[in-house]
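Novice: Take this sequence and fold it.
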Amino acid sequence: MSMKCLLLFLMSMLLAGGCHYEQPIKYIRTRGSDTMLILMRQWAEEYMIKHYNVSIYTEGGGSALGFRALINNEIDICASSRTMLPGEVRQLAQQHNRLGIACLVAKDALSVYVNERNPVHNLTMSELKGIFTGQIENWQEVGGNNLPIKVVSRSPNSGTYLYFREHVLNDIPYTNRAIIKNTTNEVVEMVKKDESAIGYGGTPYGEDVRHCRIEHVKPTIENVHNDTYPIIRYLYLYTVDTPQGVVKDFIDWALSAEGQAIVARVGFIPLWNKNSP
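Specialist: Down below sits the predicted model:
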């Protein structure tokens, strides 16, 4: 081989070896559930490490805001801690002539947070309903100290707010004395500082508060899998239509053993029990 041919061959090999850096960047835009934000960020980080040409933007703001962004074509994936409301489905159909695609990606045992100095360790579903609707106003009524109960709730934009109202309060409105917080971290922070406060949120949150037993059952992974904990919900990823391309690959990866391991690492519950046959 002549020197000229050898140089051309080496140049072509160098170009071929570096061509992957010239691949166009693919973008995935996500928005939605604040509860799921820590999971979405972990997924995005791990996925981008393995896919150098993919850039994932993740935002919170609540499930309602995520669905609004999906309807308005501002995002590719809505992360939600609840299912779509009939009005949201109608708007999506009007805008896109589609009903939306929901993918179950994890489970969450919805925790009830109380201050660590609070002597109350267990609440029944009936007591929980009474507290958050304002029928029970003092901790003494449920075996605690003589203190007025401060109810701390998520904002109406939150899927957690809606789920708690539907499945715990039986669609009765929250007490008008409820203190509204925009994020689960803010709920936890208030409960942590105030012995009389009570709030709710995802199990991965609240290291410095007590996760109260409900009907004498702790919100653990085991109790979610055996269906003994009474407040369990699914977490979803929504798209306008059947996922394609990089969006499909990302969702498939989130459902894989690797993606579900991140679910467990963050503190949510994987879709399947790894100990089951």
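Novice: Strands of the stretch 1-150 of the chain, start to end?
Specialist: Secondary structure of the stretch 1-150 of the chain, counting by DSSP state E, counting those that start in this stretch: strands at 26-32, 54-61, 77-80, 101-109, 111-114, 122-123, 150-154.
Novice: Deepest-packed of the ones you listed, please.
Specialist: Of all those, strand 77-80 has the most neighbours on average by mean count of other CB atoms under 10 Å, namely a mean of 27. From N, CA and C alone the C-beta is placed, and that goes for glycine too.
Novice: Counting neighbours, what do you get for the closest residue to residue 107 other than its chain neighbours?
Specialist: Spatially, and ignoring its direct neighbours in sequence, residue 107 is nearest to residue 269 (4.0 Å; CB to CB, 6 or more residues apart in numbering). Residue crowding around residue 269 was assessed by other CB atoms under 10 Å; the count is 25.
Novice: got the contact list for residue 269?
Specialist: 106-109, 203, 221, 224-225, 263 (CB atoms under 8 Å, 6 or more residues apart in numbering).
Novice: Tell me how far residue 83 lies from residue 235.
Specialist: Separation of residue 83 from residue 235 (CB to CB, to the nearest Å) stands at 11 Å.
Novice: pretty sure residue 118 is touching residue 139, no?
Specialist: Yes. The pair residue 118 / residue 139 is scored as a contact, 7.0 Å apart, by CB atoms under 8 Å.
Novice: wait, which of the contacts of residue 269 is closest to residue 53?
Specialist: Using CB to CB, residue 263 comes nearest to residue 53 of the contacts of residue 269, at 24.9 Å.
Novice: Please report the distance of the spatially closest residue to residue 219 that is not a sequence neighbour from residue 132.
Specialist: Distance criterion CB to CB, 6+ apart; nearest residue to residue 219, sequence neighbours excluded, is residue 109 at 3.9 Å. Using CB to CB, residue 109 is found at 17 Å from residue 132.
Novice: Give me the pLDDT for residue 232.
Specialist: Among the per-residue scores, residue 232 shows a pLDDT of 92.
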